[in-house]
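Engineer: predicted structure and sequence below. I'll ask about it afterward.
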Amino acid sequence: MTASFVTTESATAVLEKIRDQVHAATPAPADFNLGSGGERTVFNRADVTGIHWEQQTGDNPPSFTPTDLNLSVLDIIPGAVGQLAFGKYLSPDYEVHPGEYIPAVGTYTGTPAVQGTNEIYFNLVLPSCPKPANGWPVALFGPGGGVSKQGLGVIIGFPVAATMAEHGIATITINVVGHGFGPLGTITINQTMGTPVTFSAGGRGIDQNGDHVIGNTEGQSASGSDTIISNRDAQRQTVADLIQLVRVIEVGIDLDGTGSRDLDPSRIYYFGQSMGGMYGTAFLTVEPIVRAGVPNVPGGPVVEWTRLSFFFRSDYVGSALRSRIPSLINSPGVTVIDGVSVNSPLFNENLPLRDGVPLLLRLASGISREIKSPVVNDIAGSMAIQEVIENTEWVSQSGNPVAYAPHLRKEPLAGIPIKPVIFQFAKGDQIVPNPTTTAMLRAGDLGDRATYYRHDLAYAENRALPKNPHLFMTSVASGISLYAAIARGAQEQIATFFASDGRDVIHPEPAKYFETPIQGPLPEDLNYIP
């Protein structure tokens, strides 16, 4: 049997101390003169004909991958978006580089130390409606893992801004630590009149492993002896950057240089997708100014959702087990989880789901196996893997959204009001599996705040839909009309919630694919569509 550790440390204390430090200082105003010639980087939507992104994907020598953003997502509600603005601000950096970790301090008496300063670049999308007297309400949007503030892959562009703009809400987005590719990347705005304007894309990625390639998340995870904490401190540093952004909005966002506020500091909200919902939960927990929030498809802890995810299981958990000396890769490894194939390196941790829910596996030996508690550890090497998973979860608690969820409503932190929230998640999510979302809902007694997208019902009706519904909220440009309607419905729920200052929770359309709130017990099985 293995031993479990207990600690008197607080999961939230360091971020609370960082928040207090940030709140005690007055930041410089945001800078909107980013053009290579000092041009102001604020544009009317009607004048923008294209946005070109040169991603810095290589280093020494620098190399770039050209990408054009899909601007059609800005026009899903014709005329709703008025302006696009690109700016930057300075934020205290608590991470040590190289290493990408925040030095440990005592949670009771310790003081987090600022290690340097980061330039944080942001994208801001403004409504076309008349500006209110105090400025537009603003929603901070948190991108997920592997997604930059420009988007990536199927959600390239600005997939959430038009719905917010229709409700008179501005949307602002920053890059997560280690995201957006390298710092030499650029954005070029092409216009109907005038010359193109080029400026920094604000990438926060680095060539961490020395292979001259900068991946889309490279630089988010700790290295060396701190590898076990993974992206814990990237998430905490991103929360610090968001807290600083709130302060910048409080100081005053002035787009046109007239001296008047363009964003209302009394109406700040937050929503985030996937990892954006995870660090966003911590942000909502510790930041008193933000009035309401919507984490979309979040889950925790990281090691738990990555081991159950077909997409991340091999790269995150398998690679970590293989790199240990001696290697902890055991046999026969798991090849299929709940009907979905996983990649190598293969391993078998022999861990069940909770409440006696069966976990269906296929092993490399060809044998199908049902793991159901109570479990007999008859798989050689599984105990050692379980110990690594438990230790990883323990050291990551200060970045684990499950540890923050109780403080949203049940036990608010000192000086923080109860936060109106909606948790959106999808049945059968194969990236952040359902049991890791329900862990957050159970921890915070938030089941009555959950909107459950029934992807099983939608997929049964239209087999052209993806089997993995993880991106259901942002897929407004998927090319599948049903999926686009579902995305718009989820976004409409968020925008209505914010427009009502966190009071109104509507049932999204198409109504038959959503449960608001979730009906029946919280799902503790995976529900994958094979």
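Structural biologist: Alright, I've got the coordinates. These numbers were taken from a predicted model, which means no experiment stands behind them. Residues are numbered from 1 along each chain as shown.

Engineer: going by C-alpha atoms from here, please, whenever you check contacts or count neighbours.
Structural biologist: Fine.

Engineer: shaky segments in the stretch 1-150 of the chain?
Structural biologist: Where the stretch 1-150 of the chain drops to pLDDT under 70, the residues are 1-9.

Engineer: so which residues of it form strands?
Structural biologist: For the stretch 1-150 of the chain, applying DSSP state E, counting those that start in this stretch gives strands covering 42-44, 48-58, 63-68, 81-93, 116-127, 136-142.

Engineer: tell me the domain boundaries of the protein?
Structural biologist: 13-301, 304-395, 399-515 (automatic domain parsing).

Engineer: how much space between the residue nearest to Val114 when sequence neighbours are not counted and Asp233?
Structural biologist: Spatial nearest neighbour of Val114, excluding adjacent residues (Cα to Cα, 6 or more residues apart in numbering): Tyr94 at 4.7 Å. Per Cα to Cα, to the nearest Å, Tyr94 is found 9 Å from Asp233.

Engineer: any common contacting residues for the two?
Structural biologist: Common contacts of Tyr94 and Asp233 (Cα atoms under 8 Å, 6 or more residues apart in numbering): Ile102.

Engineer: the helices in the protein, which residues?
Structural biologist: Counting by DSSP state H, the chain has helices at residues 13-24, 161-166, 232-251, 275-286, 302-308, 319-323, 382-395, 401-404, 434-444, 455-461, 481-499.

Engineer: indicate which one of those helices is closest to Pro62.
Structural biologist: helix 232-251 (23.9 Å; Cα to Cα).

Engineer: send the alpha carbons of the closest one over as PDB?
Structural biologist: Provided in PDB are the C-alpha atoms of helix 232-251 (Å, rounded to 0.1, in the frame of the first residue of the first chain):
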ATOM      1  CA  ARG A 232       1.100  24.700 -12.300                       C
ATOM      2  CA  ASP A 233       3.100  28.000 -12.100                       C
ATOM      3  CA  ALA A 234       2.300  29.000 -15.700                       C
ATOM      4  CA  GLN A 235      -1.300  29.000 -14.600                       C
ATOM      5  CA  ARG A 236      -0.600  31.000 -11.400                       C
ATOM      6  CA  GLN A 237       1.500  33.500 -13.400                       C
ATOM      7  CA  THR A 238      -1.300  33.800 -15.900                       C
ATOM      8  CA  VAL A 239      -3.700  34.600 -13.000                       C
ATOM      9  CA  ALA A 240      -1.200  37.300 -11.800                       C
ATOM     10  CA  ASP A 241      -1.200  38.800 -15.300                       C
ATOM     11  CA  LEU A 242      -5.100  38.800 -15.300                       C
ATOM     12  CA  ILE A 243      -5.100  40.500 -11.900                       C
ATOM     13  CA  GLN A 244      -2.800  43.100 -13.300                       C
ATOM     14  CA  LEU A 245      -5.000  43.500 -16.400                       C
ATOM     15  CA  VAL A 246      -7.900  44.300 -14.000                       C
ATOM     16  CA  ARG A 247      -5.800  47.000 -12.400                       C
ATOM     17  CA  VAL A 248      -4.900  48.400 -15.900                       C
ATOM     18  CA  ILE A 249      -8.600  48.600 -16.600                       C
ATOM     19  CA  GLU A 250      -9.200  50.300 -13.300                       C
ATOM     20  CA  VAL A 251      -6.500  52.900 -14.200                       C
END
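
Engineer: residues contacting that helix, please?
Structural biologist: If you take Cα under 8 Å, 6+ apart as the criterion, helix 232-251 is touched by 15, 18-19, 22-23, 26-30, 89, 91-95, 100-102, 120, 176-178, 220-222, 263-265, 268, 279-280, 282-283, 287, 289, 396, 398-400.

Engineer: one more time with 6 Å
Structural biologist: Residues outside helix 232-251 that contact it (Cα atoms under 6 Å, 6 or more residues apart in numbering) are Ser91, Tyr101, Val176, Val177, Gln220, Pro265, Tyr279, Phe283, Ser396, Gly399.

Engineer: now the spatially closest residue to the second one that is not a sequence neighbour: how far from Asn134?
Structural biologist: It refers to Tyr101. Distance criterion Cα to Cα, 6+ apart; nearest residue to Tyr101, sequence neighbours excluded, is Glu95 at 5.0 Å. Plainly put, Glu95 is 35 Å away from Asn134 if you go by Cα to Cα.

Engineer: same deal with Glu39?
Structural biologist: Taken as Cα to Cα, the span from Glu39 to Asn134 is 27 Å.

Engineer: same thing with Val476?
Structural biologist: According to Cα to Cα, Val476 and Asn134 sit 31 Å apart.

Engineer: the more surrounded of these two?
Structural biologist: Shown here are Val476 and Asn134; by other Cα atoms under 10 Å, Val476 has more neighbours (26 against 14).

Engineer: report the contact partners of that one.
Structural biologist: Contacts of Val476 (Cα under 6 Å, 6+ apart): Ala484, Ala487.

Engineer: and what of Thr437?
Structural biologist: Pro298, Gly299.

Engineer: separation between it and Tyr459?
Structural biologist: 21 Å.

Engineer: also Thr109?
Structural biologist: According to Cα to Cα, Thr109 stands 53 Å off from Tyr459.
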